[in-house]
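Participant: this is a predicted model, with the sequence first.
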Amino acid sequence: MLTKINKTALISLCVCYVFVGSVMFYVSNNATKSINKNNMIHLLGKYESEILIKTNEYLTLSKVYRYLIFTQNSIITEYNFNSISENLIKNNTAIKSLQLAPNGFVQFAYPKKGNENVYIDLFTDEKRKQDALYARDNKVSMMSEPLELFQGGSGLIIRTPVFVGNKFQDFWGFSIVILNIESFIKTLSLNDLSIDGFNYKLSFLEKNTNKIKVISESSDKALSNAVDHKFSVLNQCWILSVSSKDNWLNPIEYKYKIYLLIFFFVALSVITYMFMNLLEKKKEMYKLSHVDSLTGLYNRRSFDEKFSSLFKTSVLFFSDLDGFKKVNDIYGHEVGDLLLIEISRRIDLIVGNKGYVFRLGGDEFSIILSDTSGIDLDNFKMEIINSISEPIIIDTVSLNIGISIGHSLYPYDGIDKENLIRIADKRMYKVKFNKSK
């Protein structure tokens with residue numbers, strides 16, 4: 001089982017995983033949105049091409065009359081106009097009317113039914129004269145902004161100025177194609193956007209007011225996070241705006257990312273738990289193999305490992321308790337164990353962070369003093385002897401015990417660890433022997 005500290009660390013790591021996963025999820029989604037938006041921008045070019053192709057088809061129809069006028073020496077009869085118009089308009093539901101306007105005055109309109117009010121002078125009509133004058137003066141075909149038609153409804157008007165005479169400098173009039181907007185939109189594949197999960201608005205930029213006016217839309221709701229594609233249709237600026245119903249994320253891909261995020265979070269959490277649990281067990285195994293279970297001091301195995309690496313830079317102390325066997329014999333092993341615990345505490349308190357304290361077994365202790373700066377070895381030993389000599393109270397019993405200490409120092413007492421251990425041990429027993437006299 002994990003310790004409280006490791007549990008806290010595990011929870012902290014899990015919180016970090018959630019945070020990092022959320023950031024990666026957010027970044028990934030934004031990258032996906034950006035890619036999908038860029039793909040849509042490229043796709044909108046297809047719809048631009050489709051609109052331009054359709055518009056050019058109707059522009060071509062408006063030029064048919066120009067060729068007729070050339071061949072008829074600028075004179076055209078109503079019969080010729082009607083017969084040609086009938087063929088041109090056949091099976092073309094987007095065309096609402098075909099017209100000819102000699103000198104800018106509409107004289108021919110097909111079909112007659114529904115076009116009774118179209119016979120006007122384009123140069124005097126407030127809504128039409130600006131485009132008519134521009135088309136005539138610049139010799140270019142023009143498409144009007146969507147406007148209310150005399151025939152009823154809203155439409156687009158394509159006007160092609162016709163010039164005759166020497167070098168085609170004499171203005172004859174206009175060839176006109178009038179489109180029904182709704183029918184024109186139906187000839188396009190914009191509805192595919194709705195089928196694929198997108199909302200769209202097809203708009204134009206009104207010249208006089210610079211305001212955006214909607215031509216067609218899949219929904220009357222405002223588009224959110226839309227991409228805009230501007231393009232020119234003859235003389236008009238059109239805008240195709242598209243937004244995603246799923247905020248530019250594929251719902252299946254979005255769910256997949258969530259499942260993947262959850263999977264990695266759970267997997268990382270489990271792996272982290274197993275790793276920390278393994279570290280915990282490793283610490284426990286290290287403690288069992290390197291720490292004395294009674295006193296909590298390092299054991300003989302730890303001594304062998306540490307002294308092998310520190311013997312050239314440390315002072316070695318060997319010690320043995322005086323009178324411990326007598327305490328064990330009189331008061332029993334329980335009191336003896338408690339006595340060893342207290343003695344270990346006192347020695348460890350004196351050594352502190354200046355070195356390491358080991359219980360080698362029974363009542364034998366060792367000290368590796370790695371930090372000897374400003375320390376007098378005799379005073380250090382005396383400090384330990386005095387501390388151990390103070391009475392120790394265990395279960396209302398006052399115990400007095402002593403300690404014998406011997407030391408060795410590299411390189412004065414030996415140049416290898418075996419000699420240093422032997423010398424320290426020999427000196428300790430010499431002190432012990434002198435006490436027994």
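Facilitator: That came in fine, so what should we check first?

Participant: any weak-confidence spans in the stretch 101-250 of the chain?
Facilitator: For the stretch 101-250 of the chain, no stretch is flagged by pLDDT under 70.

Participant: now the strands for it?
Facilitator: 108-110, 142-143, 147-148, 154-164, 170-180, 198-205, 212-217, 227-233, 236-244 (DSSP state E, counting those that start in this stretch).

Participant: tabulate those (JSON lines), appending distance to residue 83 and mean neighbour count.
Facilitator: Bear in mind the C-beta positions are built from the backbone N, C-alpha and C, glycine included. Formatted as JSON lines, the strands of the stretch 101-250 of the chain follow (distance: least, Cβ to Cβ, whole Å; neighbours: other Cβ atoms under 10 Å):
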{"stretch": "strand 108-110", "distance to residue 83": "10", "mean neighbour count": "23"}
{"stretch": "strand 142-143", "distance to residue 83": "26", "mean neighbour count": "22"}
{"stretch": "strand 147-148", "distance to residue 83": "29", "mean neighbour count": "12"}
{"stretch": "strand 154-164", "distance to residue 83": "19", "mean neighbour count": "22"}
{"stretch": "strand 170-180", "distance to residue 83": "16", "mean neighbour count": "23"}
{"stretch": "strand 198-205", "distance to residue 83": "34", "mean neighbour count": "20"}
{"stretch": "strand 212-217", "distance to residue 83": "33", "mean neighbour count": "16"}
{"stretch": "strand 227-233", "distance to residue 83": "30", "mean neighbour count": "15"}
{"stretch": "strand 236-244", "distance to residue 83": "32", "mean neighbour count": "20"}
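
Participant: which one, of those strands, ends up nearest to residue 334?
Facilitator: Nearest to residue 334 among these is strand 236-244; the distance by Cβ to Cβ comes to 78.1 Å.

Participant: partner strands of that closest one, with direction?
Facilitator: In the sheet, strand 236-244 lines up against strand 198-205 (antiparallel), strand 227-233 (antiparallel) (DSSP bridges).

Participant: rewinding a little: and of the strands of the stretch 101-250 of the chain, who's closest to residue 17?
Facilitator: The nearest among the strands of the stretch 101-250 of the chain, by Cβ to Cβ, is strand 236-244 at 30.0 Å.

Participant: next, the angle strand 212-217 makes with the closest one.
Facilitator: Angle, strand 236-244 to strand 212-217, by axes from the mean of the first three to the mean of the last three Cα atoms, to 10 degrees: 60 degrees.

Participant: how about strand 236-244 as CSV, C-alpha atoms only?
Facilitator: Extracted as CSV, the C-alpha positions of strand 236-244 are listed here (Å, rounded to 0.1, in the frame of the first residue of the first chain):
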residue,chain,number,x,y,z
GLN,A,236,-20.8,42.4,-58.0
CYS,A,237,-19.0,41.4,-54.8
TRP,A,238,-20.6,38.2,-53.4
ILE,A,239,-19.8,36.5,-50.1
LEU,A,240,-20.4,32.9,-49.3
SER,A,241,-20.3,32.3,-45.5
VAL,A,242,-20.3,28.9,-44.0
SER,A,243,-20.4,27.7,-40.3
SER,A,244,-20.3,24.2,-38.9
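
Participant: need the contact partners of stretch 350-367.
Facilitator: Here stretch 350-367 makes contact (Cβ atoms under 8 Å, 6 or more residues apart in numbering) with 292, 294-295, 297-300, 302-303, 306, 314, 316-321, 324-325, 340, 343-344, 347-348, 368-372, 375, 380, 383-384, 387, 403, 424.

Participant: what about stretch 243-259, start to end distance?
Facilitator: This stretch, stretch 243-259, spans 26 Å end to end (Cα to Cα, to the nearest Å).

Participant: please enumerate the strands of the stretch 301-437 of the chain.
Facilitator: In the stretch 301-437 of the chain, the strands defined using DSSP E, counting those that start in this stretch lie at 315-322, 355-361, 364-369, 392-394, 397-399, 402-409.

Participant: of all these, which lies closest to residue 154?
Facilitator: strand 355-361 (94.6 Å).

Participant: can you list the buried residues in that closest one?
Facilitator: 355, 356, 357, 358, 359, 360 (16 or more other Cβ atoms under 10 Å).

Participant: and those, which is closest to residue 271?
Facilitator: Nearest to residue 271, judged by Cβ to Cβ, of these is residue 356 at 34.9 Å.

Participant: out of everything not next to it in sequence, what's closest to the closest one?
Facilitator: Leaving out its chain neighbours, the residue that sits closest to residue 356 by Cβ to Cβ, 6 or more residues apart in numbering is residue 368, at 4.8 Å.

Participant: what is that neighbour paired to in the beta sheet?
Facilitator: Beta-bridge partners for residue 368, by DSSP bridges, are residue 316, residue 356.

Participant: show me the contacts for it.
Facilitator: Residue 368 makes contact with 303, 306, 307, 310, 314, 315, 316, 317, 355, 356, 358, according to Cβ under 8 Å, 6+ apart.

Participant: and for the third one, the neighbour number?
Facilitator: Meaning residue 307. Residue 307 has 18 neighbouring residues, counting by other Cβ atoms under 10 Å.

Participant: also the fourth one?
Facilitator: The burial count assigned to residue 310 is 18, neighbours taken as other Cβ under 10 Å.

Participant: in this structure it contacts residue 370, no?
Facilitator: Yes. Proximity of residue 310 to residue 370 meets the contact threshold set by Cβ atoms under 8 Å, at 5.8 Å.

Participant: do you know the pLDDT at the closest residue in space to residue 175 that isn't next to it in sequence?
Facilitator: Once flanking residues are discounted, residue 175 sits nearest to residue 65: 4.1 Å by Cβ to Cβ, 6+ apart. For residue 65, the model assigns a pLDDT of 80.

Participant: quick check, residue 65 in a strand?
Facilitator: No. Looking at residue 65 with DSSP: H, G, I helix; E, B strand; the rest coil, it is helix, so not inside a strand.

Participant: please identify the buried residues of stretch 37-48?
Facilitator: Neighbour counts over stretch 37-48 (16+ other Cβ under 10 Å) mark 40, 43, 44, 47, 48 as buried.

Participant: outside of that stretch, which residues touch it?
Facilitator: 188, 189, 190, 198, 227, 229, 231, 240, 242, 244, 248.

Participant: switch the cut-off to 6 Å
Facilitator: Residues from elsewhere that reach stretch 37-48 (Cβ atoms under 6 Å, 6 or more residues apart in numbering): 227, 229, 231, 240, 242, 248.
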